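>>> this one's sequence-less:
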């Protein structure tokens, strides 16, 4: 192996090569080339030549050590990354996906109750929720907030998570936002006792932060069972976070409002409107929420008549 081949091989495998600088006293030796682009092209061309020489050298060495190496290479044209450093092969059929902010890998038992929950009645389901410890929110909650309303309701309202007042009383939408929701219901001829109200999460997140994906995943079987037991004629998602979780989307609420959705594979219509807490801060948006409720009322009437 000559010196040129040795240096090329070392560069190819990531080892820095220190080469003594040649002495040249001519004035042009240290001057920058007149055309810098040409200088860069020459530099990259030399690097490519070095890599090609290293590849050829590596192939020659492999053939010398193992005469069958060339045959194996020809038979497997695609690189095998199974044992390459920094490569972690995914299970067959699974594509790599970016995890959303706040994502945490669920515990092995996080989805375990889904099958069992699907057979529970209202009382058993509420007891199961009251004793849930899957996502860790039991460490900070006062009590779980299961849901409230009629078990034969046509309307199901779903918010994101309990707040301070809800955590204290064990009932969803009981603070100022709940009072506004009650007024919204009365405006379309409904009472709180005629509808059902629930949340994506059954426990209050600390400091009312947004629900984490793992928390919503752990609560999802409970909410799905509530929907299956209730069989509502329409679902109203109250606010962006509830809508995004129910529809599995990252779309902003402005784009979800006014659209027609169906919840999962249930066939139940789902409409998106603003959360009452947002309406308290932005009273001018109440007109849009009113339009959403009127649209929902028309849909319920149409389903009742069908």
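It's in. Bear in mind that the values here come from a model prediction, so they are computed numbers and not experimental data.
>>> what's the spacing between the nearest residue to residue 143 once chain neighbours are set aside and residue 146?
Spatially, and ignoring its direct neighbours in sequence, residue 143 is nearest to residue 170 (4.7 Å; CB to CB, 6 or more residues apart in numbering). C-beta: built from backbone N, CA, C; applies to glycine. Remark: distance between residue 170 and residue 146 (CB to CB, to the nearest Å) = 8 Å.
>>> quick one, which of these two is more surrounded?
Taking neighbours as other CB atoms under 10 Å, residue 170 and residue 146 compare with residue 146 leading, 20 against 16.
>>> quick one: the more buried one and residue 127 touch, right?
No - in this structure, residue 146 is not within contact of residue 127 by CB atoms under 8 Å, at 9.4 Å.
>>> Residue 241: what's it in contact with?
Residues near residue 241 by CB atoms under 8 Å, 6 or more residues apart in numbering: 160-161, 200, 210-211.
>>> Can I get the buried part of the residues you listed as one PyMOL selection?
Here is the PyMOL command that selects only those of the contacts of residue 241 that count as buried (16 or more other CB atoms under 10 Å):
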select buried, resi 160+161+200+210+211
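>>> Tell me the one of the contacts of residue 241 nearest residue 223?
residue 200 (6.5 Å; CB to CB).
>>> ok, and the closest non-adjacent residue to that closest one?
residue 245 (4.9 Å).
>>> Please pull up the helix or strand immediately following the lowest-mean-pLDDT helix or strand in the chain.
Using mean pLDDT, DSSP states H and E, helix 69-75 stands out as the lowest-scoring helix or strand of the chain, at a mean of 35. Note on helix 69-75: by DSSP states H and E, the next helix or strand toward the C-terminus is helix 113-117.
>>> ok, residues contacting that next one?
125, 128, 134, 220-222, 224-225.
>>> Over to stretch 273-293?
159-160, 173, 176-178, 180-181, 184, 187-188, 236-240, 242, 253, 257-258, 271-272.
>>> Mind checking which of these land in strands?
With strands defined by DSSP state E, the entries of the contacts of stretch 273-293 inside them are 159, 236-238, 271-272.
>>> Including pLDDT, distance to residue 117 and neighbour count, could those residues go into JSON lines?
Output for these, formatted as JSON lines (pLDDT from 0 to 100; distance: CB to CB, whole Å; neighbours: other CB atoms under 10 Å):
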{"residue": "159", "pLDDT": "98", "distance to residue 117": "20", "neighbour count": "27"}
{"residue": "236", "pLDDT": "98", "distance to residue 117": "23", "neighbour count": "23"}
{"residue": "237", "pLDDT": "98", "distance to residue 117": "21", "neighbour count": "28"}
{"residue": "238", "pLDDT": "98", "distance to residue 117": "23", "neighbour count": "28"}
{"residue": "271", "pLDDT": "98", "distance to residue 117": "26", "neighbour count": "20"}
{"residue": "272", "pLDDT": "98", "distance to residue 117": "26", "neighbour count": "25"}
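>>> what's the closest of those to residue 196?
When the ones in strands among the contacts of stretch 273-293 are compared against residue 196 (criterion: CB to CB), the nearest one is residue 236, at 10.5 Å.
>>> mind checking how far the closest one is from residue 147?
To residue 147, residue 236 is 14 Å away according to CB to CB.
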